[in-house]
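Colleague: Sequence below, structure please.
(2 chains)
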Number of protein chains: 2
Amino acid sequence: MVSRKEVASLAGVSEATVSRVLNKVGPIREETRLRVEEAAQQLGYVPSALAQQFARSRSGNLGVILPFVPKVHLFSTYYFAEILSGIGEAAKQYGYDVLLIFREPSGSRDYARLFLAQKIDACIVLGAQNVPEEKTALAELQKKGYPFCLVNQRFAEEGYLSVDADHHAGSYEAVKHLIDGGSRRIAFLNGPDVFSSSMDRMSGYKQALANAGLAYDPALTLLGNYSRKSGVEAAEAVAALIRSGQVDAVFAANDRMAIGLMDGLRVHGIKAGVDVKLVGYDDSEGSVIVSPKLTTVAVPFYEMGRRAARRLLAPEKDGLAQADEGLLPVHLIKRETSS
Amino acid sequence: MVSRKEVASLAGVSEATVSRVLNKVGPIREETRLRVEEAAQQLGYVPSALAQQFARSRSGNLGVILPFVPKVHLFSTYYFAEILSGIGEAAKQYGYDVLLIFREPSGSRDYARLFLAQKIDACIVLGAQNVPEEKTALAELQKKGYPFCLVNQRFAEEGYLSVDADHHAGSYEAVKHLIDGGSRRIAFLNGPDVFSSSMDRMSGYKQALANAGLAYDPALTLLGNYSRKSGVEAAEAVAALIRSGQVDAVFAANDRMAIGLMDGLRVHGIKAGVDVKLVGYDDSEGSVIVSPKLTTVAVPFYEMGRRAARRLLAPEKDGLAQADEGLLPVHLIKRETSS
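Modeller: Have a look, this model is predicted:
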């Protein structure tokens, strides 16, 4: 077994310095630190710091668990890109690196193992779904006291840490805006209800209809999966509803589906903003550069990512870790497709 | 010192099983694995596996070093999002997690430390710049034999592993296309020359002019920084050049600057595709949804990220790690702004 003394000797420093370096205590000159670390590695020294790190489970990494879909360019979606940018900002602020972990599309979701293996000190779960495997994995984390935070998803009954936005209010505003503009038959292209944000949007949609004395008609709700493609694919059904006079406006649960729908409707000779009103959701970069510009609901995804990381990483004394700031506000942005 | 025997006893398994779990050898039932790992952690056991891991420097993480610019939503840029998506695909394939490390905007770039601290087993450097701090950090990695790969950047004289695309040819094609369409006075909005891809684009631009017998005029080259904002800011100078008849087409080194320039020119009453021809670069999502649609050069960023990760992670027997596939091809996509 290699001793601390041998490391000190090879590095040409005192044993106390070796301890300070390997326990990361006190100020140390960069050059000295490197020399000690190299000596330790060269000798194959397993320092007590490592044992302590093992006990303390301190990796310096913030885990981000992400969905994995082969061939899908995940980071090119506004939603994930923005949340991740916000997480990165806060991680950097608190001296953490970000470890991306792709969830297995099928099979077990053993998040606790990431803590046991000391790959991460805390984690943010993105794209969590209300399905049994996910709930089991999260319950395990909670039970073991591993710190985690959900973003844009709530499991209300569990009391998990989460940072979410007010999608009920956002959807209500979007649909009310269409009604105020004279629309009466509003179709709703929503995402899967394994996401609480889809459920929130549905309740906002229904409430806006009810407040205006309009009946909710299940035949006017369509199911997409938040991809551009699913928006394109909804176009045929929506075009038929528009032609038969059953629909005079569409609310889509995100901009990608809205923009896909615009393209799909164009093939059917229907122009968004001219022949049918359209409101999207997210205020993505695409919503401003598409033509006509898309009316949408701005969601502070970047801020959501930043807050989730901050709640996990901020020192207690900052009081940020404890602050539950409630649902973040969203707001309607009126542009050309609904004017 | 806690012994393997005590761990075995607490977990209710044999010592051999403890070894198999902690050395990750052979098939083990998930439940057994967890029981052993929990027992080891509970007792504060530092298993020999950890010592081995220390010696082998095996973290299971692929590092990705990224630029950090406060407030800039890095992952929302097509360039980084696509490369990272490709890296993620390959990392997943080879069983690695991806550790994002944000480079300090100023100060030392101590990449070797990430290997020494065993945070990563290999790394991909994105946005590497031809500046002294960067060159020192990369030379250190090379010297110590730590595996790394550059993406979209070359330091030709150093012989580093890199995956790059043929930006000289891409720019040549873009400018030749404008010349073939009748343009004779082509402005070039380039990015900073700390990036080899900016230099490559400049040489492609010059060669296309030379082949057509057109003089290179430094007054027609403008410097941006690949941001949308820098495109908007270039608009005033470009508008003046267009009005005075000195410019009849613009080639921008990426789509973000091209799209910013389109917006900026519009303020000056100049429409891209009508009053001036415009070609961008990247084939980003924005280039298709902007109006008029942007002529651009498609770059396989996703594939570049995937290949870089594969060259670092693929087992030798696959022969992928060794294959230097040369510069990846890019290709011109003709759309409305140059017709």
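
Colleague: In the stretch 201-339 of chain A, which residue sits nearest chain B?
Modeller: In the stretch 201-339 of chain A, the residue that lies nearest chain B is residue A:291 (3.4 Å; Cβ to the nearest Cβ). Where C-beta positions appear, they are placed from N, C-alpha and C, glycine not excepted.

Colleague: Could you measure from that residue over to residue A:131?
Modeller: 38 Å (Cβ to Cβ, to the nearest Å).

Colleague: When the two are compared, which one has more neighbours?
Modeller: Legend: neighbour count by other Cβ atoms under 10 Å in any protein chain shown for residue A:291 and residue A:131, higher for residue A:291 (16 against 10).

Colleague: tell me the contacts of residue A:307?
Modeller: The contact partners of residue A:307, by Cβ atoms under 8 Å, 6 or more residues apart in numbering or on different chains, come to A:86, A:90, A:163, A:325, A:328.

Colleague: And the contacts of the host helix or strand of residue A:262?
Modeller: Element membership of residue A:262, judged by DSSP states H and E, is helix A:255-267. With contact meaning Cβ under 8 Å, 6+ apart, helix A:255-267 is reached by A:77-78, A:189, A:191, A:224, A:226-236, A:238-239, A:242, A:250, A:252, A:271-272, A:275-276, A:278-284, A:286-287, A:290, A:294, A:296, A:337, B:289.

Colleague: close enough to count as contact, residue A:67 and residue A:103?
Modeller: Yes. Contact status for residue A:67 versus residue A:103: in contact at 5.6 Å, counting by Cβ atoms under 8 Å.

Colleague: more crowded one of the two?
Modeller: Of the pair residue A:67 and residue A:103, residue A:103 is the one with more neighbours under other Cβ under 10 Å, namely 22 against 15.

Colleague: In which helix or strand does the closest residue to residue A:109 other than its chain neighbours reside?
Modeller: Once flanking residues are discounted, residue A:109 sits nearest to residue A:137: 3.9 Å by Cβ to Cβ, 6 or more residues apart in numbering or on different chains. Using DSSP H and E, the element containing residue A:137 is helix A:132-144.

Colleague: which residues of the stretch 201-339 of chain A score low on pLDDT?
Modeller: In the predicted model, the stretch 201-339 of chain A carries pLDDT under 70 at residues A:317-323.

Colleague: Close to chain B: what parts of it are there?
Modeller: With Cβ under 8 Å from any Cβ of the partner chain as the criterion, the stretch 201-339 of chain A meets chain B at residues A:259, A:285-286, A:289-291, A:302.

Colleague: just to revisit the earlier point, could I have the PyMOL command that selects the buried members from the contacts of residue A:307?
Modeller: Remark: buried members of the contacts of residue A:307, expressed as a PyMOL selection using 16 or more other Cβ atoms under 10 Å in any protein chain shown:
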select buried, chain A and resi 86+90+163+328
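
Colleague: one step back: write a ChimeraX command that selects only the buried members of the contacts of helix A:255-267.
Modeller: Applying 16+ other Cβ under 10 Å to these, the buried members can be selected in ChimeraX as follows:
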select /A:77,78,189,191,224,226,227,228,230,231,232,233,234,235,238,239,242,250,252,272,276,278,279,280,281,282,283,284,286,287,290,294,296,337 /B:289
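
Colleague: out of the contacts of helix A:255-267, which are inside strands?
Modeller: Applying DSSP state E to those, the entries found in strands are A:189, A:250, A:252, A:278-279, A:296.

Colleague: residues contacting residue A:119?
Modeller: By Cβ under 8 Å, 6+ apart, residue A:119 lies in contact with A:59, A:61, A:63, A:99, A:101, B:59-61, B:97.

Colleague: Turn those into a markdown table, columns for secondary structure, pLDDT and neighbour count.
Modeller: Below are the contacts of residue A:119 laid out as a markdown table (DSSP: H, G, I helix; E, B strand; the rest coil; pLDDT from 0 to 100; neighbours: other Cβ atoms under 10 Å in any protein chain shown):
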| residue | secondary structure | pLDDT | neighbour count |
| --- | --- | --- | --- |
| A:59 | coil | 87 | 25 |
| A:61 | strand | 94 | 26 |
| A:63 | strand | 96 | 26 |
| A:99 | strand | 96 | 28 |
| A:101 | strand | 91 | 21 |
| B:59 | coil | 87 | 25 |
| B:60 | coil | 91 | 16 |
| B:61 | strand | 94 | 25 |
| B:97 | strand | 93 | 22 |
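
Colleague: which one of those sits closest to residue B:8?
Modeller: For the contacts of residue A:119, the closest approach to residue B:8 (Cβ to Cβ) belongs to residue B:60, at 25.1 Å.

Colleague: show me what contacts the closest one?
Modeller: Counting by Cβ under 8 Å, 6+ apart, residue B:60 has contacts A:119, B:95-97, B:121.

Colleague: try residue A:194
Modeller: Counting by Cβ under 8 Å, 6+ apart, residue A:194 has contacts A:129-131.
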